[in-house]
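>>> have a look at this prediction, sequence included:
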Amino acid sequence: MAVENEKSRLDDAARAGWLYFIAGHTQDEIAKMLQVSRASAQRLVSLCLAERLITFRLEHPIAACMELAAQLKQRFDLSHCEVVPADPAAPQATAGIAERCANLLDATLRSETPVIVALGTGRAVRAAVERVTPIDRPNHQIVSLVGNISADGSASFYDTVGRLADRTGARHYPMPLPFLMSSEDERNKMVRIEPIAKVKAVAAKADLRLVGIGQMDQKAQVHVDGFVTRDELFEMMRQGAIGEITGWAYDSKGRLLKAGTNKRLTSIPPEVPAKTTTIGAAVGAAKVPAIAAALNGGLINGLITDEATARAILER
C-alpha cells in the first residue's frame, strides 16, 4: 500500500509539474484541475522539481557566452567549446557545465552506430551522467579512464561508468585497480594483465573522452577524496604540478610530469596532443591555471566551462 501511495504521489507531482512548466498554467489553475488546494498544488510542483521528475535545458545560446566560446576555440584550436552563464552566488557550482556535458553525452549516445565513450571522474562528470536521458543503446560501450579504488580500499563515489551504463544499457568497462600502486614496477605489472589490457584497448578506440580537470593545491580533489596523501600532493607540487586530468599531474605548460605519483598511477594517460575528442569540464578561479595549462599543452581539445572561468583564461 505504501508503494502504491508513493507512486500515486509522484504521478500527481509529475502531472502538476507538466501543467505548470510545460503547459504554462498557474498554480491556482492547477489546483482547480487536480481538485486540490493551492497550497497542495504548490507542494506538488516543488516535489516534481525535488524528485527531478522534470528537467530543463537552456536552448537559447547567450551572446556573451557564444563570443567567449568562439574566442577560446580560436585561441586554442579547439574542436568543441561551450560556455555557460556564471552563477554569481555559487562561482564553483558545476550544475551549468554538467547540463551541457549531459547534452553532449545525449547527442553522442543517440547514435544508432556503436560508439565508445570514455569517462574520467569528478563532480562535474558525475553530475553530467546523472542528467543523461535514459536510452536503450546496448551496442555502445562505456569505459573508465581511471582506477577508482582509493588507498583504504573504498571505491570512489564519483565513479561514473556503471551509472551511465545503467542509463543506457551499454556494456561497460570499469578500471578495477587502485588509483595508485605501491611502486612503479608494481604498476607496470598490473596494467599489463589481460583484463586491464582489454580495458585500455577499448579506451584507445574511444569516440569521446569526457574528463574533469583538477587543481593541484591543498584543496586538490585527488587529495580531498583520499586518492593521494598530503605528502604525495606536496611532493607533486614541489615538482611543479599545477593540474591533473584522470590523476595525471602536469606543469604550467601542460607537460605530464615524469616523477612522483605519475610513476605509480594506473589511470589511462591523456593523449599528447589529444587526437580523440577530449572534453575537459571545469569551473572556478582555483582551476583557471590548471585549465589554461591543459589547453596550452594540448591535453584537451574541447572545453565546457562558465563565463567567469572563460574570461579568466582569456585574460592570462
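Structure received.

>>> please make it C-alpha for all contacts and neighbour counts, starting now.
Noted.

>>> just give the number of residues close to Q74.
12 (other CA atoms under 10 Å).

>>> now it: which helix or strand?
helix 63-76 (DSSP states H and E).

>>> other SSEs contacting the strand or helix carrying P195?
If you go by DSSP H and E, P195 is part of helix 194-204. Packing partners of helix 194-204 (3 or more CA pairs under 8 Å, 6 or more residues apart in numbering; DSSP states H and E): strand 116-119, strand 141-149, strand 171-178.

>>> mind checking those strands for the one nearest to I300?
strand 116-119 (13.3 Å; CA to CA).

>>> one step back: run the angle between the helix holding P195 and strand 171-178 for me.
Angle of helix 194-204 versus strand 171-178, following axes from the mean of the first three to the mean of the last three CA atoms, to 10 degrees, is 120 degrees.

>>> which element follows helix 194-204 toward the C-terminus?
Downstream of helix 194-204 (by DSSP H and E), the next one is strand 208-212.

>>> what distance separates that following strand from the centre of its chain?
How far strand 208-212 lies from its chain's middle: 7 Å, per CA atoms, centre = their mean, to the nearest Å.

>>> now stretch 162-182
The mean C-alpha position of stretch 162-182 is separated from the chain mean by 14 Å, CA atoms, centre = their mean.

>>> which residues sit against that stretch?
129-130, 132-151, 153, 161, 187, 196, 199, 227-228, 261, 264-267 (CA atoms under 8 Å, 6 or more residues apart in numbering).

>>> rerun that using 6 Å as the cut-off
129, 134-138, 140-144, 147-150, 187, 264-266 (CA atoms under 6 Å, 6 or more residues apart in numbering).

>>> now do stretch 103-118
Taking CA under 6 Å, 6+ apart as the rule, stretch 103-118 contacts 139-144, 206-209.

>>> could you rerun that using 8 Å?
132-133, 135, 137, 139-145, 202-203, 205-210.

>>> what's the answer for stretch 11-29, then?
Contacts of stretch 11-29 (CA under 8 Å, 6+ apart): 30, 34, 38, 41-42, 44-45, 47-49, 53-54.

>>> ok, now stretch 48-55?
By CA under 8 Å, 6+ apart, the list of residues contacting stretch 48-55 reads 10, 13-14, 16-18.

>>> change it to 10 Å
Stretch 48-55 has contacts (CA atoms under 10 Å, 6 or more residues apart in numbering) with 9-18, 21-22, 42, 44-47, 99, 131, 133.

>>> now that we have the residues you listed, which of them are buried?
10, 12-18, 42, 44-45, 47, 99, 131, 133 (16 or more other CA atoms under 10 Å).

>>> among the residues you listed, which are in helices?
10, 12-17, 42, 44-45, 47, 99, 131 (DSSP state H).

>>> E244: which of the residues you listed is nearest?
For those, the nearest to E244 is E99 (22.6 Å; CA to CA).

>>> for that closest one, which non-adjacent residue is closest in space?
Once flanking residues are discounted, E99 sits nearest to A128: 6.0 Å by CA to CA, 6 or more residues apart in numbering.

>>> can I assume the one you found is in contact with A98?
Yes - under the criterion of CA atoms under 10 Å, A128 makes contact with A98 at 4.3 Å.

>>> any shared contact partners between those two?
Counting by CA under 10 Å, 6+ apart, the residues touching both A128 and A98 are 104, 281.

>>> single out whichever of the buried ones among the contacts of stretch 48-55 has the smallest pLDDT.
Within the set of these, pLDDT is lowest for W18 (83).

>>> quick one, helices of this protein?
2-17, 27-34, 38-50, 63-76, 95-109, 123-131, 161-168, 184-190, 194-204, 221-224, 230-238, 288-296, 307-314.
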